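Trainee: Pasting the sequence and the predicted model now:
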Amino acid sequence: MGGTRNPMAEPERAALPWEEVNAVDARRVAEVLGLAKARERDKWGCVRCDSSDALHAYKSGGLKCYSCGGRWSNVDAAAVRWGLNPAVPEEAREALVRLASLLGIYVPALDAPAPPRGRGRPPRARPTPTPSRAEIAAHAGLYAPDPERDRLHQEVFGGILYLTELSAPARAFLEGRGLDATAAHAYGFRSLAPKGWEDVRAVLEGLTPAHRDASGLYLNGEWHPPFGGYAEALVIPYYRDASDHAPLCLRFRSLAAEGKGNRYRDLLNNRPTFPFNAQALEPGAGEVVLTEGELDAYTLHERGEVALGFPGTALNGLEWAVDRLGTVGRVVAFMDADEAGEKAVGKLRDALQARHGAEWVRARLVRRRPTAGKDANDLRVKGLI
C-alpha cells in the first residue's frame with residue numbers, strides 16, 4: 001500500500017529519498033498535510049473527495065479512500081493535497097521535496113557530489129528549502145493560470161452544460177432547499193443521470209486526447225465518472241472570473257446519498273483552487289460573505305449578496321480568496337453553527353491575519369452565527385432569510 005513508484009528519471013531516483021518518504025507512517029503524513037482527523041482510528045478527511053472520514057492511513061505508508069476509491073503513496077497523496085499532478089515528474093518531485101522537509105527527511109541537492117563512502121548522510125542542517133507559498137500556489141493555478149488548460153476545461157465543461165439540463169428530481173432538490181431552480185439553471189447548475197453520463201462519454205470520445213485528459217473523467221485511460229456514473233448528481237459550476245464564458249471546474253452532489261461523507265465528488269485533478277461564486281468578488285466590495293459550501297453561498301447569491309463558498313473541511317480555495325479580500329470593506333464569516341464551523345472560522349482568521357495583519361482582521365472580520373439553523377441554506381428553508 002505504501003508504494004515506491006517514482007515517475008522521475010533513474011538518476012534522480014538514486015538521489016532523492018522516494019522510498020524513505022513513502023515508507024513513513026501515513027498517519028504522520030496525514031498530520032503534516034493538515035488533514036481533518038476523523039473519530040474512527042486511522043481515518044482522515046480525503047485529499048481528493050469531500051469525505052470527512054473515509055481516508056485510511058497505513059502505518060507502513062500509503063493512504064486509501066474508501067469513498068472515492070483513491071489509493072496513493074505518501075508522496076502522491078501530498079501532491080494531490082497541494083494541487084500538484086503526481087503523474088508529472090516535476091510536480092511529483094516538488095511534492096517529494098516539500099513533504100520530506102515537513103517530515104524532517106534530508107534531501108540532497110541533485111547537483112551535489114555523492115558523499116565519500118563511510119562518511120554517512122550529510123547533516124540535516126542543509127536540507128533543500130521548502131518551496132515558497134507562491135511557488136506551490138503557481139502549480140495549483142492560483143497565481144499563474146494556464147491559458148491552454150483553462151481553454152480545455154472551459155470547452156469540456158461548457159460542453160457538458162450545453163448537453164445537459166436540470167432534471168425533475170434535481171429541480172425538486174433545489175426547490176426543496178428554498179432555491180429558484182430556473183435561476184439556478186441560468187447560473188449553470190445541471191444534473192446528470194446514467195444516460196446523461198453516457199452521452200457525455202460519447203462526445204468526449206470524439207474529442208482530442210487533451211480534452212479527455214482535461215475532463216477529469218478518465219483514470220489511467222479508463223472511463224471514471226463521479227459515483228461510477230450510476231447515481232444521479234447535481235452538477236455545480238465554478239467560474240473564476242466574471243468574464244468566464246464557461247466553468248473552469250465542476251463538482252457533483254449526489255441526489256440520493258444522505259451520508260455527509262458520501263455526497264460530493266471532485267473530478268480527477270480538478271479540485272477547486274478558488275471558491276464557488278468567485279466571479280462575484282470584485283475589488284473594493286463593501287461586504288463579502290464566506291460560507292462553508294456551494295449551496296449556502298448560492299442561497300445568499302440569490303438574495304443579491306456577494307458570497308463565496310468553500311467546499312470541504314480544508315476550505316479549498318481559501319488562499320485564492322484571502323489574497324483578494326484585502327480591499328473589501330467587511331468580511332463576514334457565515335460558517336455552520338457547530339464545531340467544524342468554529343474550526344473553519346479559526347482557519348479563516350489565521351489565514352487573513354497572516355496575509356493582512358491583526359489590525360485588518362480586528363477591523364474587518366465579523367463572525368455571523370446561524371443560531372436559528374445550522375447554516376445559511378437551512379435558514380432559507382425555514383423562511384428566516
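Mentor: Yep, that arrived.
Trainee: Of all residues in this protein, which one is nearest the centre?
Mentor: residue 271 (3.9 Å; C-alpha atoms, centre = their mean).
Trainee: That one touches residue 50, doesn't it?
Mentor: No - with contact defined as C-beta atoms under 8 Å, residue 271 does not count as touching residue 50 (9.7 Å). (Glycine included, C-beta is placed from N, CA and C.)
Trainee: just to revisit the earlier point, the residue nearest to the centre of the chain and residue 342: what is the separation?
Mentor: Look at residue 271 and residue 342: by C-beta to C-beta, to the nearest Å, they are 24 Å apart.
Trainee: And residue 190, by the same measure?
Mentor: Where residue 342 is concerned, residue 190 sits at a distance of 34 Å (C-beta to C-beta).
Trainee: Which of these two has more residues huddled nearby?
Mentor: A direct count of neighbours by other C-beta atoms under 10 Å for residue 190 and residue 342 places residue 190 higher, at 22 against 15.
Trainee: chain center to stretch 205-218: distance?
Mentor: 20 Å (C-alpha atoms, centre = their mean, to the nearest Å).
Trainee: Isn't residue 22 up against residue 77?
Mentor: No - using C-beta under 8 Å, residue 22 is not in contact with residue 77; the gap is 9.8 Å.
Trainee: Give the residue from the two that has the larger number of neighbours.
Mentor: More crowded of residue 22 and residue 77, by other C-beta under 10 Å: residue 77, with 33 against 25.
Trainee: Tell me which stretches of the stretch 201-350 of the chain form helices.
Mentor: For the stretch 201-350 of the chain, applying DSSP state H, counting those that start in this stretch gives helices covering 209-215, 294-302, 318-322, 339-356.
Trainee: Surely residue 289 and residue 304 touch.
Mentor: No - checked against C-beta under 8 Å, the pair residue 289 and residue 304 is beyond contact range at 11.2 Å.
Trainee: Mind checking which of the two has more residues around it?
Mentor: Using other C-beta under 10 Å as the criterion, residue 289 and residue 304 rank with residue 289 on top: 23 against 7.
Trainee: Following the chain past the lowest-mean-pLDDT helix or strand in the chain, name the next helix or strand.
Mentor: Sorting the helices and strands of the chain by mean pLDDT, DSSP states H and E puts helix 133-139 at the bottom, at a mean of 43. Going down the chain from helix 133-139, the next helix or strand is helix 147-163, by DSSP states H and E.
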